[in-house]
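Trainee: Got a predicted structure here, sequence first:
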Amino acid sequence: MLPTIKPKTARSKRALEKREPKVIENPKKTLVVRGSQTSLVIQNLLKDLLSIKKPLVVNLSKRNEIHPFDDETKIEFLGTKNDASLFTIGSHSKKRPNNLVIGRLFDHKLFDMFEFEVSNFLSIEQIKGPTCSAGIKPLIVFAGEHFTLNPALTKLKNLFTDFFQGEKADAVCLTGLEHVISITVELIDPKNTTLTFTEDLSNYKFYFRSYHTSLLKSGQKLPRVELENMGPFFDLVVRRYKTASDEAWKLSTRIPKELFIKKTKNISHDEFGNKLGRVHVGTQDIQKIQTRKVKALKKKPLHTIE
């Protein structure tokens with residue numbers, strides 16, 4: 001791992017402060033790594049992933065002898081050096097052709113990763129049509145009940161969401177929803193239903209599709225939405241994977257105490273967002289309240305009738 005660096009200038013001090021743990025973390029960067037050997041399919045796929053992930057991406061275009069399932073220290077070193085918590089590695093070999101690894105780091109240590117076989121690839125250049133702008137936050141759609149039935153696929157769904165979600169936003173304009181990513185899961189052998197609850201994911205196939213949205217006139221207030229093929233299109237099959245331990249998962253999903261909203265007594269909000277307060281007042285004796293001495297307030301003796 002990288003040694004501890006002491007800042008010598010104000011600029012280096014600010015750069016180190018950006019990498020320190022924060023209550024609200026910076027947007028996650030993605031490290032795109034090219035393996036020692038890559039096919040044309042993997043090269044074009046990494047190029048398309050770069051265009052989707054811009055500007056939160058770091059590209060290492062030179063060939064790197066890196067195998068995270070055998071030695072994870074190299075990817076941890078590169079992630080720490082480039083301040084990136086997400087990574088994808090593309091490689092090609094006779095044993096594992098068209099190989100793609102997607103994973104993430106937590107606290108500069110390997111958290112989880114999945115290795116896929118890529119097939120039926122169509123790049124953005126091959127699909128003629130409109131393309132979305134760089135840095136657009138995509139709308140991610142997961143289709144298939146297996147994402148909720150299988151615990152391993154639930155973690156893979158979480159990884160895909162973390163990988164493609166982009167920068168977090170409090171509100172999104174309707175015209176800004178230009179990009180839609182659809183990921184569909186299907187059983188290769190639907191007769192064997194017992195594989196739904198096993199940890200073997202090689203019998204599942206994932207269909208990755210990317211679309212561009214067009215807002216057309218509908219004669220109403222809301223426009224009519226149509227999806228046009230944008231790319232990239234490709235299919236994935238899991239070869240190997242490594243998930244995080246329960247302790248690491250619990251630690252990574254822990255919410256800092258500073259983000260918890262302190263509940264104030266006797267204060268509430270109605271359905272319109274108005275702030276309502278309740279004030280508790282002690283018992284008051286009206287007879288003892290000091291008021292202005294007016295004749296009308298003076299007590300008069302009661303007249304008795306004989």
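Mentor: Yes, it's here.

Trainee: From here on, just use CA atoms for contacts and neighbour counts.
Mentor: OK.

Trainee: need the helices for the stretch 51-200 of the chain, in chain order.
Mentor: Along the stretch 51-200 of the chain, the segments classed as helices by DSSP state H, counting those that start in this stretch run 73-81, 146-149, 151-164.

Trainee: Show the low-confidence segments of this protein, by residue range.
Mentor: 1-4, 190-199, 291-293, 297-306 (pLDDT under 70).

Trainee: Show me the residue at the heart of it, geometrically.
Mentor: Most central residue of the chain, judged by C-alpha distance to the mean C-alpha position with CA atoms, centre = their mean, is residue 162 at 3.4 Å.

Trainee: I'd like the distance between it and residue 126.
Mentor: 27 Å (CA to CA, to the nearest Å).

Trainee: ok, now residue 202?
Mentor: Taking CA to CA as the criterion, residue 202 is separated from residue 126 by 29 Å.

Trainee: the more surrounded of these two?
Mentor: residue 202 (16 against 12; other CA atoms under 10 Å).

Trainee: which residue packs closest to the more buried one, ignoring adjacent ones?
Mentor: Counting by CA to CA, 6 or more residues apart in numbering, residue 202 lies nearest to residue 238, which is 5.2 Å off, once chain neighbours are set aside.

Trainee: so what's the one you found up against?
Mentor: Listed by CA atoms under 8 Å, 6 or more residues apart in numbering, the contact partners of residue 238 are 114, 115, 116, 117, 201, 202, 204, 205.

Trainee: Contacts for stretch 265-274, please.
Mentor: Outside of stretch 265-274, the residues that reach it under the criterion CA under 8 Å, 6+ apart are 275, 276, 277, 278, 279.

Trainee: Kindly reformat the residues you listed as JSON lines containing secondary structure.
Mentor: Written out in JSON lines, the entries for the contacts of stretch 265-274 read as follows (DSSP: H, G, I helix; E, B strand; the rest coil):
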{"residue": "275", "secondary structure": "strand"}
{"residue": "276", "secondary structure": "strand"}
{"residue": "277", "secondary structure": "strand"}
{"residue": "278", "secondary structure": "coil"}
{"residue": "279", "secondary structure": "coil"}
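
Trainee: Counting neighbours, which of the residues you listed comes out on top?
Mentor: residue 277 leads these on contacts (other CA under 10 Å) with 12 neighbours.

Trainee: Going along the chain, name the strands of the protein.
Mentor: Counting by DSSP state E, the chain forms strands over residues 30-35, 57-64, 86-91, 99-106, 109-122, 139-143, 179-187, 204-216, 224-229, 233-242, 267-269, 275-277, given from the N-terminal end onward.

Trainee: Deepest in the core, which of those strands is it.
Mentor: Burial of the strands of the chain is given as mean neighbour count (mean count of other CA atoms under 10 Å); strand 30-35 ranks first at a mean of 25.

Trainee: what's in contact with that strand?
Mentor: Outside of strand 30-35, the residues within contact range by CA under 8 Å, 6+ apart are 43, 46, 50, 53, 56-66, 79, 82, 84-92, 163.

Trainee: Over to stretch 125-132?
Mentor: Contact partners of stretch 125-132, identified using CA under 8 Å, 6+ apart, comprise 178, 179, 212, 228, 229, 230, 231.

Trainee: The closest residue to residue 166 other than its chain neighbours and residue 60: what is the separation?
Mentor: Nearest residue to residue 166, sequence neighbours excluded (CA to CA, 6+ apart): residue 137, at 5.7 Å. For residue 137, the distance to residue 60 under the criterion CA to CA works out to 23 Å.

Trainee: what's the answer for residue 144, then?
Mentor: 34 Å.

Trainee: follow-up on the earlier one: from the helices of the stretch 51-200 of the chain, which stretch is densest packed?
Mentor: Ranked by mean neighbour count, those are led by helix 73-81 with a mean of 18 (mean count of other CA under 10 Å).

Trainee: for that one, packing partners?
Mentor: Taking 3 or more CA pairs under 8 Å, 6 or more residues apart in numbering; DSSP states H and E as the contact definition, helix 73-81 has no neighbouring helices or strands.

Trainee: Just want the angle from it to strand 30-35.
Mentor: The directions of helix 73-81 and strand 30-35 differ by 140 degrees, with axes from the mean of the first three to the mean of the last three CA atoms, to 10 degrees as the criterion.

Trainee: Alpha carbons of helix 73-81, in CSV - could you do that?
Mentor: Listed next in CSV are the C-alpha coordinates belonging to helix 73-81 (Å, rounded to 0.1, in the frame of the first residue of the first chain):
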residue,chain,number,x,y,z
THR,A,73,-3.0,-6.0,-3.8
LYS,A,74,-2.4,-4.5,-7.3
ILE,A,75,-6.0,-3.3,-7.7
GLU,A,76,-6.0,-2.0,-4.1
PHE,A,77,-2.8,-0.1,-4.9
LEU,A,78,-4.2,1.5,-8.1
GLY,A,79,-7.5,2.3,-6.4
THR,A,80,-5.7,4.1,-3.5
LYS,A,81,-3.4,5.9,-5.8
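
Trainee: No further queries at this time; thank you.
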